[in-house]
Structure formats: structure tokens, C-alpha cells
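1. Give me a model of this one.
(chains A and B)
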There are 2 protein chains.
Amino acid sequence: MDMRLETTQAGFTLSLDGRLLLRHSAAAPCFFVGRGNDSIEMHRGRFEIEDRLVERCPLAHAEIDGERIVLAVMKGQPPRLVIRLEGNALVLQTVDSTVNRFWIRVAADQDEHVWGGGEQFSYFDLRGRRFPLWSSEPGVGRDKTTEITFKADVTDKAGGDYYHTYYPQPTYLSSARYALHVATSAFSAFDFRDRSFHEIEVWAVPERIELFAAPSFIELVEMLSGRFGRQPPLPEWVYNGAIIGLKDGTNSFKRLVKMREAGVKVTGLWCEDWVGIRPTAFGARLFWNWQANETRYPGLRQRIAELNSEGIRFLGYVNPHLCDDGALFKEAEAADYFVRDASGRTALIDFGEFHCGIVDFTNPDAAAWFSEEIIGVRMLDYGLSGWMADFGEYLPADVRLANGMDAKLMHNQWPTLWAEVNAKAVASRGKTGEGLFFMRAGFTGVQKYCPLLWAGDQSVDFSRHDGLVTVMCAALSSGLLGNAFHHSDIGGYTSLFGNVRTPELIMRWAEMAAFSPVMRSHEGNRPRDNLQLDGDAVVLQHFARMTEIYVHLAPYLKTLSLEAAQRGLPVQRPLFLHHEADRRTYTIQDSYLYGPDLLVAPIWQASQEQRTVYLPAGTSWVHVWTGQSFSGGDKITVDAPLGQPAVFHRADSAFGSLFRGLREI
Amino acid sequence: MDMRLETTQAGFTLSLDGRLLLRHSAAAPCFFVGRGNDSIEMHRGRFEIEDRLVERCPLAHAEIDGERIVLAVMKGQPPRLVIRLEGNALVLQTVDSTVNRFWIRVAADQDEHVWGGGEQFSYFDLRGRRFPLWSSEPGVGRDKTTEITFKADVTDKAGGDYYHTYYPQPTYLSSARYALHVATSAFSAFDFRDRSFHEIEVWAVPERIELFAAPSFIELVEMLSGRFGRQPPLPEWVYNGAIIGLKDGTNSFKRLVKMREAGVKVTGLWCEDWVGIRPTAFGARLFWNWQANETRYPGLRQRIAELNSEGIRFLGYVNPHLCDDGALFKEAEAADYFVRDASGRTALIDFGEFHCGIVDFTNPDAAAWFSEEIIGVRMLDYGLSGWMADFGEYLPADVRLANGMDAKLMHNQWPTLWAEVNAKAVASRGKTGEGLFFMRAGFTGVQKYCPLLWAGDQSVDFSRHDGLVTVMCAALSSGLLGNAFHHSDIGGYTSLFGNVRTPELIMRWAEMAAFSPVMRSHEGNRPRDNLQLDGDAVVLQHFARMTEIYVHLAPYLKTLSLEAAQRGLPVQRPLFLHHEADRRTYTIQDSYLYGPDLLVAPIWQASQEQRTVYLPAGTSWVHVWTGQSFSGGDKITVDAPLGQPAVFHRADSAFGSLFRGLREI
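-> As a prediction, this is how the structure comes out:
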């Protein structure tokens, strides 16, 4: 890449392979520094973040000194920011230790599109909005105009908004075929509302701003994946069918047998409740003490061995917290492994009728203990093939950490530390690429450790900002940043305020999941109030067929998995990744390419029997269920009754006969 | 007042009669200037206001030059702000024309209280919160945790919040017995969240910041009233009873007769619909063409004369807009009297199924025309004794005005211009202190023109942020800034989403109104769906008794009215105004002094039969209904069944026998 710094009459410009990124003049400076007093308060994974800005000074005066830009408020004033060009990065340094706010304005075109920001659930194209980036619960409803959001807000400040995500990342890709990454873990906000610039705000002076440019989107994504880390290929066992989520104690085994008898292709049984349960006013929750629970699952080790002999893997659940009435809590507290509060005591976090300590992953001994003693010994050695590695967003901003860092600066990094603890455990048993854990939380670098993202807790509905459709946005946005594998809870998770699953919802969700890297079901937060896969014969039969489709596509998916491991391309891709000449594809977020050859347009609204979809120009497309051909370059509408999501394959695909085989299933 | 500017080692201090108000140092400057790009969009009197801050520079370097403070970012830099001390004011001047943001930090004590901000409906003590000051509809519900607010937000972005008010004013009083007023009509925000300073933000460099100090609250309030203008005493005719609001065409006369027969003391009949009605999907609205409507009120002039002969005044309605299908619109447009849009055409404002022009009061001819031809000829000369002078908040920020001023800077001033148009008409007929118009909108200076505030459109309920209780907060806050006379719609106004008046609500409201300067009823926005005074015999009888109480208290009220005209003391007063040594009175907003001698604590919640009230220390209080004595200095609880609001008089009052007479009514 050619990063070029040039002095102009009014200031300077910085361009990257011919793209103008910074255009500085005294009248319109690109850099600002200042100070603010923030307040960040957590309540159950949701944060009230407020800033009182004290200072924001444009750095109007720039002096170019070789590869250095020296910035001051005015000529003759001492420099407040020094920027050194180093490789593909701007390396930032401030001499003023009181500075804790930083802004940069990057030149933008009016018709430019931008994507990224981590895993975004509401808007794939970020242009026109501001995105605060802070790992948190994403909210229930996430749309201030809906009744559910209102109720969640009123009862628990839990409604959320469009930008809330478990996995923020201060990185964006531009349709100008460059990407920008801010090397910081501080709170930041990416503001794409202005027509002529993008403004990035960081609550610290970031160490570096990294720039990437490539001739094509594909190469740009490869480059980012190289930067942030690649996942191993999917485990071979995944391709055998779905992972069935049941948390019904030993009854889970019986139910699994019946589902298999009904024709469901199963590769794994996932029992969150393997650690036992805790009755609360809100229903049964898990007992957060990460080891097999003999009361709920007597003889589990033996049962796992039996399942394995039938070709079924067993998966469990873990998170970075330990409940204060569990045995592991005592062990960790005795060893001084917990995050501390301001008074120096173990910080106890309220999770709703129980309290937990947070294992301090900045303490190498604590991280190693969790990795070895919990995940290594109690999970992998016990026979688990995978698990949900839940949470990662709950580090309060005001706790004390072993490494002495400000918790505000560690908060966003916590998911990556958590992923590393899991990955190290898997690696220690030589099971990288075989043991499969999945996470919802993330941040810069999580790519290197986490083999599979999971989209978190959608509501059990078709809502625009918290339903099925948000999973696609999440897969596409995170995929561009090097997270190749993404999946979700089939049927959604959150059932509150009388909102429950319909058969249609489960079936539409399963149709989408069949065309994703991993099929996994979940009973949801209120299993008894909600329809389950095995609670309706039609739903179960539909699901069985979807698992057949998934298994049928395995040969194709394996090539995508390999491509992901080698090149960092995500399995689920925005249409523009392979059709960049067609700008009409740039804002599409409700259909995706499943590898280069399949275009998937799930039904994501209720009571729809047809689907309108844009097919990229210059390619010939075949509707998989009818064989009908389309030339691309326009919106078309196809029938999409239950069981036939709108899926198309490239007419010239090498997998043509495999795809044509779908009609026989 | 002694304003003292002193150089200190680190900077300077400014004190006022010994009160430290500014404490400047390079490390903690008091003044900031900067730039922002704002966006202010109106939808039916509600504004979406957004700022993108570009610059906020602390003016760290101060040089004192006699009575001047010269402020720069740093030593050796050109000054960005020059402040001259002049009398009781800081006169501000900036040399940089790009500056459009200004901040000042005023030293604060941790236990300081502040009041004012115009007419505030939610919080009387402003400490701990930030108050944007921009005239607007206050919202329906005004509390994001209530269903009504949610529905109003979703259907029409109309829910509002705690700080929304028709009548903002950039003035506050401090418990340190000083007041600060910002001479600006730009958007401003008073931020009282910090423990050690108050921060005021203005979207312009204000002309002046005026300071007032006095040894007592009473004197401070007198001083402010002198500054902003005093109202004439209440018209003599007001004391004869209630003003009955009916908008039922000629049926209004018949209903009035029946109410009088039931014992209601009536001094006026107020018919909003004297201009005729306009049927809309939302029900009957008024026809915004300000002249008597012969269809709805045949022979109205004669009817008014008849009423007058019976001692009943007739009141009407007017606002600054003219509907585009009315005759007066044509006249105004032909004369070029309307505010224009960006393209130079008459700006047409959507009021819901009809559109109006806004008469441009910055055009002296237009203002004079409205004053003389509409209010003078068509209202006063026609026989009206008063009217609701509605609206004043609806000047969009992007229109063009005759005086060439930016509409953003005229928006807040519009209510004052509107009041002046009304006051001039009244004065032109020699009826100042006799013709009674009442307004909800206000701003600095409205005091001089508007003889009576009205609290606007409360919801027909007991809700904390939009119900009965908010009227007290409104009366107290506006009263401290020189608005001596305040009243409200008995029973509330806004009935939406199935929220309707209960008999209890009307009765509790009437109990409060009996102890206020003016009793006036309103049918509300949906008369047919809501209980009316004459719709329930118990309610009517209760109301009749309340009018008797009001009339009984007239001798006392007259002294308050006179005191208001002479000294500027409001009729309704916060408890601390006469009990400033008792700090426990400083935050009370649900009871008030009605003049110095009565303490009124209305029931403002549903289903309450008792009222707990704090009685100021050092005074002996007598409960008016039982004669029981209390020594003050503590909270006490009294029975307060319907008809007996918790009211106390000073044991030493010269009006003791009058107050004791209340027991006989």
C-alpha cells in the first residue's frame, strides 16, 4: 500500500493508494483533541454512558516533518498531537496527559457506503447513523417504537437501541475499497451522518489508526482477516447434522432419541443445564459453577461416552462468572482470582437473585486456572466436544484489575480475553478445530480465538430490530471483519411480555439455519411457555428436512470452511463481495451469499408466501426449487412457501448437480 | 450590588455582594467558546434538536484590565472573548464571528438549590438535572416510563420529557440568594448536574449575563420582577366567580344558566368556539379565522351584551396563526404579513388536516394589523372581555422573517412578541388591567405584557409529569421570575388513548383552583368522551362550593393582586419565600403559599383521603377546616376528604376571621 502525505497550500492531504482519506486545512481540520468527564454505569450488562465534554480543540495548525505530522491549536503553540506514519498505520502520540478525547474526520464521498463496526444487528450499511461501540447486552426489542422495547425499558432499562451489540469493533470498510481500524479498546463512536466526512470519536488517544486498501472487496476482507486472525476450519463432526439444544435434565436424552426417530439428522446434543439449575422467580436458571451436576445429570460422563459411540457429540455451557454459592467461587476467591471493587473486595455482580464474581483474566494465573481447571479438566477431559462460551460484556467500568489497567479500557477487550481463555484450553488438549465453542461477545482480536460466533438472544419474533432478520445483518457485518463462521438460536431466545414462538417462526428460522455454517436449536429462556421443535409434528418434520438439506450441502460447505481457514472469507457474505460492480447490492442486508454460488433470501416476516429479492447483475441465477433461470440485475419475486426459502445458485456453479439435488429432499 | 473582580494567583474571581460566582484559573476555566452545527426540526410544535459539536475551547488565559476580562485560549494568543463589567451585568463580546457556542461555569455549593428556568412542569428545584430551554409543546405524558408517553411518542413523537415547556427562560435563582439571567434568545441549556459548578450553554455568544443579589428571597424576586416587567392587578370582575369554559355553540348559554342555578358563582363565559368549528378526523377543532362566527353563534354581539348586563363577561380565543381557507388569511397574504419559507413563499404550517400562515410579528405593520384589526376591532370592540391567547411556540427554525433575523434566534422570543401584540390591543382600548388574556407560551419579557399565565394542556389525570401536580410546579417556577398570576384548566385538557377525566380528578383540581388567582374550567380536547362539570350532580355541587370559597377569599386575593402589581410578588409562592431560614422548604413543589398567610397542599394523587404536608418552622399554623393548630417545623398529616383540601392559615394572620369563615361554606 502506498500511503502518501502531501503538503498543500492550506494544510496537507493523506492518501492511500490514490484514495484521499485526510484533507486538512486550518479552516477544516481533521484532528481534534480534548477532555471529557464520563460516567459509565452498568445494570445487568446494559450501560448508561454519559459524557460531559469539557474541551474539544481543533488542531488547526499542522507541520509536516518528513513522515511526521505535528499538530497544534495554532501556529507558535506547543504541539498537542504528533502523528507518525509507520507502515499502514498512523501512530499517535500526545504530549498532554490530560487529553482523553480524540476525534478524526476522514474524507467521505456523498454516495459512499460503509460496513463493519463489529457485529451489527440493525443496520448493515452504517452510513447516515452514529454507532457508539461498547460491548453490552443488545437489548430486548431494540426499537423505541415497539411495545416490547417499551416494556423492557420500563421494567429493567433493557430495551436497547439499534447500535447496541455484544460485539463492537472499531473497524469499518468503505465502498471506496479501503478499511480503517482504530487500535484502541476505549469507548469509541463511529459517526457516519455527515455527507463529506466520517467522524470517529475515541475516549482516549488511540495508539494507532490502521489503514487497509485493496483493489477488490474480496482482497480487502482477506487483508482484514489476516490482520485480526483466522479461525480453523469447522470440525468434521459438525457436518453430520444439527446440534440440538435441550435443557431438560436426563429427559433431554429421551427427547433426542424421538427427534432422531422422526428423521432429524443430529450431530450434537447441547445441554446448558449440565451444570445444574437454580430456581428463581423468573424460572429455572443455570447454576453458575462450571462442572457436571450429578443431581441433574447422574452418570453424565458415561452418557456422553454412549452418545459419542452413536456419533453424537455432547456440548455444555460456561461463562466467565462464578456464583458465590458454588464451590469454584470459594476456590477462586481463596486464590485471589476475582476482579475487585473500589474497596478492594471481590466485586459481586447482580445477575438477578444471585451474585457472582468475575474471574480476572488480566491475572495470568487466574486465566490459566480457568482455562486448565475449568475448561480443560471439567469440560474437555470430562467429554464435552463444545460449549456456549456465554457473556463477556459484563465487566463494569469501575472495578479494579490485576494488571492495574483502567477497567474502562479493559471492558471492550474482555470478550477477547474470554475467547483466549477458551481457545487456550482447547489448544492444550490438541483439539483446535475439533472442540467447538461459540460466543456472542467479541471485540478486536476475537477472530483469532473464537471458532464460531453465535448471534446471541434474539426475540422469538419477526421484529425488524430484534427478530430473525437481525441474524443476517450480524453475520454479514461480523463476517467482513474476519469472523467466517456465524450461527444463531433456531427459533430465537427471548420470550417476554407474552411474546412466544409460532410454528411459522421456528420453521422460517430453520430454513435460514440450513444455509448457515452451523444448525443449532435452543429451547429459549422460557421453554415451557414456548413451542419446541418436538412440540409439533409439522414443525418437527420440517426441521428434519432442513437438517437433511444442511447435510446434503456439506460438500459445498466444506469448501467454504476451507476457504475461510485459508483466506479468511466468511461463509455468509454480502452480495457485493462477489458483485462489486453492481452498486445496487451495497445496502442489501436481508439476503446473503452462502459462499460464492448460493444466494439465500430467507422469509423474515410473518405470513409471507413470496419473497422479492434482488439478483446481482451479470450473473445467471437458478431458483433451486423450480429450476427457473433468472438473468440478474433486477428484483424478482418467487414463491417461498414453508419449506422453500428463496434460494438461488449460480448457473455456472461447479456444485450445480449438488444444488439440483436439493429438489429431491 | 457590589460586583467585584479580583485577580488571584491562578486567575481571577468575580463576586457579587460577597458571593463567589466565578473562580477562574488556567486549569479550571470559567468560559468556553466554540462552534457547533445544529439541526432543529419542528413537527407540530415539538422540536428535534441535535447538535454536532465541532469545537469547545476553554479560555484558559485571562487578563484583567480594569473592568474588563480579556480571555484567550493561551497566553500570547489573540483574545477570543472580551467581557466588560457594566452595572450588574457581564457584557460579552467576541471577535471571532465563527463562534456560535458559549459556555460559562458558575461556582456552586454542594448543597445549593436553584429554581427558575421559566415555567417548569416537572422539577421545581433544578439541581441535579440539565434543562434545555426552547419554547415548545411540553408533550403528552412527559415520562418515558408511562404508557401514555410511549403511545404519544409512537403515534406523533409527542410524548415529551421533563424539561419541555411552552415557556422557557434563561434565568435562575440560587439558594445563595442571587439570580443569573442570560440576555439571549438563542437555544440555551442550563446544566445543574455538577456538584461544584452550574454550566450554562448558549448557542450564540449572549449579549449580557445579568446578575442580581439580595439579602432575602423576597427582595430578589422583587428585583427580577422589576427587571422583567410587572403585570397590572387582576381585573375587578375576576373576583366574582369562575370563568366557565364551554364550546358548545349556543347551547353553551343554556348550560351556563343551569350551572348558575346550581349555585356556581360565575364571572365569565369562555367560548373558544366563538370563531366556529372545523370538523376533523380527531373531532371538532376551531376555525382559525379570528372573528365571531354567525353560524355557530348567531347574534353573538347581542348575547354578549345580555350576558354583561347580568354581570357575566364573555371570553374568546385567538392564536397567531391564520388558516389558509379563512378570509383573514387572504387579507394577510395580500399585505405580505406572513412568515416566509426558504423559497420566499408564505410558510404553511401543518396543524393536522389544515394549514396556516404565521403572522410575522417582526414586521411592525403585520403586528399592528393583528393588534388593531383582529384583537382590537374583532374582539375587544365586539365585546370580548378576555381570551386565551394560545400558542406562540410554533415558529420553525428555518423560516424567513421580515426583520432579517435568524429564526433560530427569534423562536424563543416569539411568545413575547405575541404577548406584546395582545397587550397593545388591550392598551389601545384603554383596557389594561380590565381585558384579561391568558397565555401558555412565554419567554424573557413576557411578564411585561401578559397579565395571566395559564399552565397549558395537562393530561386529564394525576400523573407525576403531566397531571394536576405539574400545575403547582409551573406556578412556583414562573412566579419567581415575575409572573404573579397563574392558573390552569380545571380538570386538565388532554384526553388521549382512552385516558378520561374522573369525578375525583375534576374535584381535586377545582379544590386547587379555588386557591389560585383565577378559576377557569375547560371542556378538554374531547368533551364528549370526558366528564364535564355539569355532567355529574356531585361534581357540580362540589364545584359550586369551590367557587364560593374562591369568592369568599376575594378580599385576601385582592391584597395579593395589589402586592403583585406593586412589588412583583407572585400570588402562589414557594414556601421558602417567607420561610427562608427553613431549608427544608427549599425543594417542596406540591404545596405552596397562597400569599403569605395561606399554605395550600392539594391532593394530587388518586384515592387519597389524607395529605401529609410540611409546615415551615417558626410559624404557628391553623388547619382551616378543623381549626387545629400546628407549631410548624415538621411533617404532619391531616384528613383531606373531597371538599377539604389541606389548607392552613398563619395563626397570626390579619385575615384570620376571613379564613375561619371558610368553615361555614
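
2. So which bits of chain A are right by chain B?
-> Residues of chain A lying close to chain B (C-beta under 8 Å from any C-beta of the partner chain) are A:32, A:34, A:52-58, A:73-74, A:76-77, A:144-145, A:147, A:150, A:153-154, A:193-194. (Glycine included, C-beta is placed from N, CA and C.)

3. swap the cut-off to 7 Å and go again
-> Taking C-beta under 7 Å from any C-beta of the partner chain as the contact definition, chain A meets chain B at A:34, A:53-58, A:73-74, A:77, A:145, A:150, A:154.

4. Give me the buried subset of these.
-> A:34, A:53, A:54, A:55, A:56, A:57, A:58, A:73, A:74, A:77, A:150 (16 or more other C-beta atoms under 10 Å in any protein chain shown).

5. Verify the stated contact: residue A:556 with residue A:654.
-> No. Between residue A:556 and residue A:654 there is no contact under C-beta atoms under 7 Å: 9.3 Å.

6. Please identify which of the two sits among more neighbours.
-> Each of residue A:556 and residue A:654 has its neighbours counted (other C-beta atoms under 10 Å in any protein chain shown); residue A:556 has more, 19 against 10.

7. quick one, what contacts that one?
-> Contacts for residue A:556 (C-beta atoms under 7 Å, 6 or more residues apart in numbering or on different chains) come out as A:595, A:655, A:658.

8. any idea of the pLDDT on the first one?
-> We have a pLDDT of 98 for residue A:595.

9. ditto for residue A:404
-> In this prediction residue A:404 is given a pLDDT of 97.

10. where does the residue nearest the centre of chain A land on pLDDT?
-> Centrality entry for chain A: nearest residue to the mean C-alpha point is residue A:119, 4.1 Å, by C-alpha atoms, centre = their mean. We have a pLDDT of 98 for residue A:119.

11. Please apply the same query to residue A:319.
-> 98.

12. Surely it touches residue A:393?
-> No. With contact defined as C-beta under 7 Å, residue A:319 does not count as touching residue A:393 (10.5 Å).

13. Between those two, which is the more surrounded one?
-> residue A:393 (29 against 22).

14. which of the residues in the lowest-mean-pLDDT helix or strand in chain A are buried?
-> The weakest-scoring helix or strand in chain A, judged by mean pLDDT, DSSP states H and E, is strand A:283-286 (a mean of 88). For strand A:283-286, a neighbour-count test (16+ other C-beta under 10 Å) marks A:284, A:285, A:286 as buried.

15. can you check stretch A:185-204 too?
-> Of the residues in stretch A:185-204, A:185-192, A:197-204 count as buried by neighbour count, 16+ other C-beta under 10 Å.

16. One more: stretch A:558-569?
-> Buried-residue list, stretch A:558-569, by 16+ other C-beta under 10 Å: A:560, A:561, A:563, A:564, A:565, A:568, A:569.

17. before we move on, what SS does the first one have?
-> Just to be clear, that refers to residue A:560. helix (DSSP: H, G, I helix; E, B strand; the rest coil).

18. what do you get for the fifth one?
-> State at residue A:565, reduced to three classes by three-state DSSP: helix.

19. show me the contacts for it.
-> A:230, A:231, A:232, A:233.

20. Can you classify the closest residue to residue A:93 other than its chain neighbours as helix, strand or coil?
-> Nearest-residue entry for residue A:93: residue A:82, 4.8 Å, with adjacent residues in sequence omitted and distances by C-beta to C-beta, 6 or more residues apart in numbering or on different chains. On the three-state scheme (three-state DSSP), residue A:82 is labelled strand.

21. Count the neighbours of residue A:82 for me.
-> 17.

22. again with residue A:658
-> Quick note: residue A:658 (other C-beta under 10 Å) scores 16 neighbours.

23. So which bits of the helix or strand it falls within are buried?
-> Take DSSP states H and E as the rule and residue A:658 turns out to sit in helix A:656-660. For helix A:656-660, a neighbour-count test (16+ other C-beta under 10 Å) marks A:658, A:659 as buried.

24. pLDDT (mean, whole number) over it?
-> The model assigns helix A:656-660 a mean pLDDT of 98.

25. ok, and what's touching that helix?
-> For helix A:656-660, contacts defined as C-beta under 7 Å, 6+ apart pick out A:555, A:556, A:624, A:649, A:653.

26. how about 10 Å then?
-> Contact partners of helix A:656-660, identified using C-beta atoms under 10 Å, 6 or more residues apart in numbering or on different chains, comprise A:552-556, A:597-598, A:622, A:624, A:627, A:647-650, A:653.

27. Among these, list the two that are farthest apart in space.
-> A:554 and A:627 (22.1 Å; C-beta to C-beta).

28. Spatially nearest residue to the residue in the stretch 351-500 of chain A positioned nearest to chain B (excluding sequence neighbours)?
-> Proximity to chain B, evaluated over the stretch 351-500 of chain A using C-beta to the nearest C-beta, is greatest for residue A:497 at 12.8 Å. Spatial nearest neighbour of residue A:497, excluding adjacent residues (C-beta to C-beta, 6+ apart): residue A:151 at 4.9 Å.

29. Make sure that neighbour is indeed in a helix.
-> Yes. The assignment for residue A:151 is a helix, going by three-state DSSP.

30. and it, how many residues sit next to it?
-> So residue A:151, with other C-beta under 10 Å, has 20 neighbours.

31. what's near enough to touch it?
-> Neighbouring residues of residue A:151 by C-beta under 10 Å, 6+ apart: A:140, A:141, A:158, A:159, A:496, A:497, A:498, A:499, B:147, B:150.

32. pLDDT wise, what is the fourth one at?
-> Pointing back at residue A:159 there. Looking at residue A:159, the pLDDT reads 98.

33. neighbours around it, how many?
-> When neighbours are counted by other C-beta under 10 Å, residue A:159 comes out with 23.

34. can I assume it is in contact with residue A:459?
-> No. At 11.2 Å, residue A:159 does not count as touching residue A:459 under the criterion of C-beta atoms under 10 Å.

35. SS state for the residue of chain A positioned farthest from its centre?
-> Relative to the centre of chain A, the most outlying C-alpha is that of residue A:76, 46.8 Å out, by C-alpha atoms, centre = their mean. At residue A:76, secondary structure determined by three-state DSSP is coil.

36. Torsion angles phi and psi at it?
-> phi 90, psi -10 (degrees, to the nearest 10).

37. And for it, nearest residue in space, chain neighbours not counted?
-> Nearest one to residue A:76, counting by C-beta to C-beta, 6+ apart, is residue B:76 at 7.3 Å.

38. likewise residue A:175?
-> Using C-beta to C-beta, 6+ apart, the closest residue to residue A:175 is residue A:113 (4.2 Å).

39. Same check on residue A:186?
-> Residue A:186's closest residue in space is residue A:204 (C-beta to C-beta, 6+ apart), at 3.7 Å.

40. all helices in chain A, in order from the N-terminus.
-> A:147-156, A:217-228, A:251-261, A:300-309, A:327-334, A:364-369, A:407-410, A:414-428, A:446-449, A:469-480, A:503-513, A:537-552, A:554-567, A:656-660 (DSSP state H).

41. How far off centre is stretch A:202-210?
-> Distance of stretch A:202-210 from its chain centroid, counting by C-alpha atoms, centre = their mean, to the nearest Å, is 22 Å.

42. Mean confidence (pLDDT) on it, please.
-> Rounded mean pLDDT across stretch A:202-210 is 97.

43. isn't residue A:634 right next to residue A:618, touching?
-> No. Assessed by C-beta under 10 Å, residue A:634 is found out of contact with residue A:618, at 11.9 Å.

44. Pop the domain breakdown of chain A in here.
-> A:3-228, A:261-320+A:362-395+A:412-562, A:575-664 (automatic domain parsing).

45. Name the stretch among the ones you listed that sits most buried.
-> domain A:261-320+A:362-395+A:412-562 (a mean of 22; mean count of other C-beta atoms under 10 Å in any protein chain shown).

46. Compute the first-to-last residue distance for it.
-> The straight-line separation of the ends of domain A:261-320+A:362-395+A:412-562 (C-alpha to C-alpha, to the nearest Å) is 32 Å.

47. gap between that domain and the chain center?
-> Worked out by C-alpha atoms, centre = their mean, domain A:261-320+A:362-395+A:412-562 lies 13 Å from the chain centre.
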